[in-house]
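**Q** Need coordinates for the below:
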Amino acid sequence: MTSLPFMPNHAEHILVASPSPVVRQRVLESLRPSVQRVEQASGGAEALGHLESGPWQVLFLDRSLPDLDADELQRTIQRRFPGIEVVFLEGESGLATSVISAPKAPTAVSTKGAGESAIPDGEAQRGPLPGMIGTSRSMQPVYRAARLLAQRDTTVLVSGPTGSGKEVVARAIHRLSPRARRAFVVVNCAAIPEALLESELFGHTRGAFTGAMQSHAGRIQTAQGGTLFLDEIGEMPLSLQPKLLRFLEQKELQRLGSCDVVRVDARVIAATNAHLPALVRQGKFREDLYYRLCTFPVEIPPLRERPEDIVALAKHFLEKLSLRPPVPELTAEGERLLRAHPWAGNVRELQNVIERAIILAEDAELIGPEHMFMPEA
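**A** Sure, this is the predicted structure:
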């Protein structure tokens, strides 16, 4: 192999990932003299570690990795390292398909004059978080805490009733943080069967258990450089809690079927609608894990404690869910009914009520009590 048909002219920083020294050597021998930096990796996890350390432009990736599925790794790289070109290596000889990741987003340019703030004084603290609606007084501590936490890697425990917006707050912290360009990985601890949760979180090697035909990078490793959101953390089985605790303390994990230790830089935000101290007293949740997760608690108030936000949220859902212009408007009677409802299901219930009202209103431009079905709690 004397040349690389997929070698971009601009490439100066090259990474070669293959378990075969022969393949790696053949690629190295074919690189142009203009290449300034070349490093090698024998597996997918090692390649991810290298990608964290510099401005790589091209990754030559062997499809026969010993630890990770090559296609899954390519998709992970596409999400976490936009702009890197991945060139797949086939067998002991040639090159196959070139896959180019999405281009980097352009750097924002301020149009403010010298000395002017991009955000008016105090607005950043008073206004809602990205993706959130409402400026009620009861939400101000949540907004302020989220903005302060976004600049740190502190572990956060977001608590609040079902449907109150815990994941929205977690996403806002991620979007405001230096990790915003990396992945936001969600794991619902209550939705994944206990028998599969360990593999889903920590990953597994090929043959680690019956049916493990391919190695799998777990959700934690996929969150490298970004944020791992553990929803319904109170539902995590006791058997997995020590392993999660070790990751939180050491930033290390071991995949099922492997003795190798993998370091992962992922910020953890957990959420629960349960009272974790009560679960600790009942022996259903480890006390040391609770205190490690609760480094900084954020409590989201129920919707009934932020009545001034109800109509604003309803109008937001009208705009979001309407399929035709113009967007229907609420009548005064409709607004009064929304404010008077106890909202046991919180923001999620409000969204459902508005969606049903839009359907029942058909082509009507006004939505009132006759369109609103309020289920009993």
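
**Q** What helix or strand is Val87 located in?
**A** strand 85-90 (DSSP states H and E).

**Q** Can you point out the buried residues in that strand?
**A** The neighbour-count check on strand 85-90 (16 or more other C-beta atoms under 10 Å) flags 85-89 as buried. Yep, even glycine has a C-beta here, placed from its N, CA and C like the rest.

**Q** Could you do stretch 145-163 as well?
**A** In stretch 145-163, counting by 16+ other C-beta under 10 Å, buried: 145-147, 149-150, 155-161, 163.

**Q** cool, and stretch 370-377?
**A** Across stretch 370-377, burial judged by 16+ other C-beta under 10 Å covers 371-372.

**Q** Run through who's touching stretch 285-301.
**A** Outside stretch 285-301, the residues that touch it by C-beta atoms under 8 Å, 6 or more residues apart in numbering are 138-139, 142, 145-146, 149, 154-161, 164-166, 169, 233-234, 236, 238, 241-242, 244-245, 248-249, 268, 270, 276-277, 279-280.

**Q** from the chain's centre, how far out does it sit?
**A** Its chain's C-alpha centre and that of stretch 285-301 lie 19 Å apart, by C-alpha atoms, centre = their mean, to the nearest Å.

**Q** roughly how far apart are Arg175 and Thr76?
**A** Here Arg175 is placed at a distance of 20 Å from Thr76 (C-beta to C-beta, to the nearest Å).

**Q** that older thread, just curious, which of the buried residues of strand 85-90 is nearest to Glu335?
**A** Val86 (52.9 Å; C-beta to C-beta).

**Q** Test of understanding: give the bridge partners of that closest one.
**A** Leu59, Val99 (DSSP bridges).

**Q** avg pLDDT for the strand holding Val87?
**A** Mean per-residue pLDDT for strand 85-90: 82.

**Q** which helices and strands does it pack with?
**A** Applying 3 or more C-beta pairs under 8 Å, 6 or more residues apart in numbering; DSSP states H and E, we find strand 85-90 packed against strand 58-62, helix 70-80, strand 94-100.

**Q** and the longest one with strand 85-90, angle?
**A** So the one you mean is helix 70-80. Interaxial angle, helix 70-80 versus strand 85-90 (axes from the mean of the first three to the mean of the last three C-alpha atoms, to 10 degrees): 170 degrees.

**Q** Can you name every helix or strand that helix 70-80 contacts?
**A** Counting contacts by 3+ C-beta pairs under 8 Å, 6+ apart, helix 70-80 packs against helix 44-51, strand 58-62, strand 85-90.

**Q** mind putting the ones you listed in a markdown table, distance to Gln214 included?
**A** Listed next are these as a markdown table, based on distance: least, C-beta to C-beta, whole Å:
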| stretch | distance to Gln214 |
| --- | --- |
| helix 44-51 | 11 |
| strand 58-62 | 15 |
| strand 85-90 | 16 |
